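A.B. asks: What shape does this take:
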Amino acid sequence: MKRYASVRFGDALDQHERESATRTLRSVGATATSWKTAAGRTYAGLELDDMADPGVVRERVASARLDVPPLRVFRIRPLHGHLPARLGDALGGAGRPSGVVDVMIDDDAFVVEFDTRTPPSLIIALIDIELAAAPGRTIEPLVPLDDATLAAFAGDVLGIADLDADRIIETHTAAWLERTAR
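C.D. replies: Next comes the predicted model:
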């Protein structure tokens, strides 16, 4: 069974720093599957091998935040270009969802970090409510969502409570691509 994690560095890593971090992570059984930078931070999605110990990984990247399961991180950009303060308040203010870890401004977007206590569909619903006066937004996941999270998210949006990862098209497409590549 694949295990996923995320790591967040408190600054924007350059190419050399990413390569160094990749080597360090690989030495303890963690493979970086993606790298993204936003709001002055660098995020990496990780896949942990069977023998990887999250405690050891955490020790080796002590200057970063490690989350197992992965932190969910969305960059939300309103299409009209204006960042309403009420959206930042809804996501990160006193009444924010319990799983929200941090909310930052990144140029013309908000970056919201949240853990498994808050479903992605709740974050999307809050965004859409706060942007109702000027609807439209793009949402970019900065850390990849695993199949189970995607299935739960799609199930919430589609109103299908028992949607599982086997019904996600990307899962079937990846298997098909592997078979046809031989």
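A.B. asks: average model confidence for stretch 132-152?
C.D. replies: Here stretch 132-152 scores 87 as its mean pLDDT.
A.B. asks: Show me the contact partners of that stretch.
C.D. replies: Stretch 132-152 is contacted from outside by 2, 4, 6, 33-34, 36, 38, 43-45, 69-80, 82, 111, 119-120, 124, 127-128, 131, 153, 163-165, 167-168, 170-171, using C-beta atoms under 8 Å, 6 or more residues apart in numbering. Just so you know, the C-beta spots here come from the backbone N, C-alpha and C atoms, and that holds for glycine as well.
A.B. asks: Name the residues of it that are buried.
C.D. replies: Within stretch 132-152, the residues scored as buried using 16 or more other C-beta atoms under 10 Å are Arg137, Pro141, Leu142, Val143, Pro144, Leu145, Asp146, Asp147, Thr149, Leu150, Ala151, Ala152.
A.B. asks: about what we covered before: which among the contacts of stretch 132-152 end up buried?
C.D. replies: 4, 6, 36, 38, 43-45, 70-78, 111, 119-120, 124, 127, 131, 153, 163, 168.
A.B. asks: What count of nearby residues applies to Thr23?
C.D. replies: Careful, residue 23 is Arg and not Thr. Residues lying near Arg23 (other C-beta atoms under 10 Å) number 9.
A.B. asks: mind saving the C-alpha coords of the strand or helix carrying it as CSV?
C.D. replies: In the assignment (DSSP states H and E), Arg23 maps to helix 15-27. Presented in CSV, the C-alpha positions along helix 15-27 are these (Å, rounded to 0.1, in the frame of the first residue of the first chain):
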residue,chain,number,x,y,z
GLN,A,15,17.0,24.2,-7.9
HIS,A,16,20.2,23.3,-6.0
GLU,A,17,18.3,23.3,-2.6
ARG,A,18,15.5,21.1,-4.1
GLU,A,19,18.1,18.6,-5.5
SER,A,20,19.7,18.5,-2.1
ALA,A,21,16.4,18.0,-0.3
THR,A,22,15.4,15.3,-2.9
ARG,A,23,18.7,13.4,-2.1
THR,A,24,18.1,13.7,1.7
LEU,A,25,14.5,12.5,1.4
ARG,A,26,15.4,9.6,-0.9
SER,A,27,18.1,8.5,1.6
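A.B. asks: what pLDDT does Val101 get?
C.D. replies: 96.
A.B. asks: what do you get for Glu170?
C.D. replies: Looking at Glu170, the pLDDT reads 60.
A.B. asks: got the contact list for the closest residue in space to Ile129 that isn't next to it in sequence?
C.D. replies: Spatial nearest neighbour of Ile129, excluding adjacent residues (C-beta to C-beta, 6 or more residues apart in numbering): Ala90 at 7.4 Å. Going by C-beta under 8 Å, 6+ apart, Ala90 touches Arg96, Leu126, Ile129, Glu130.
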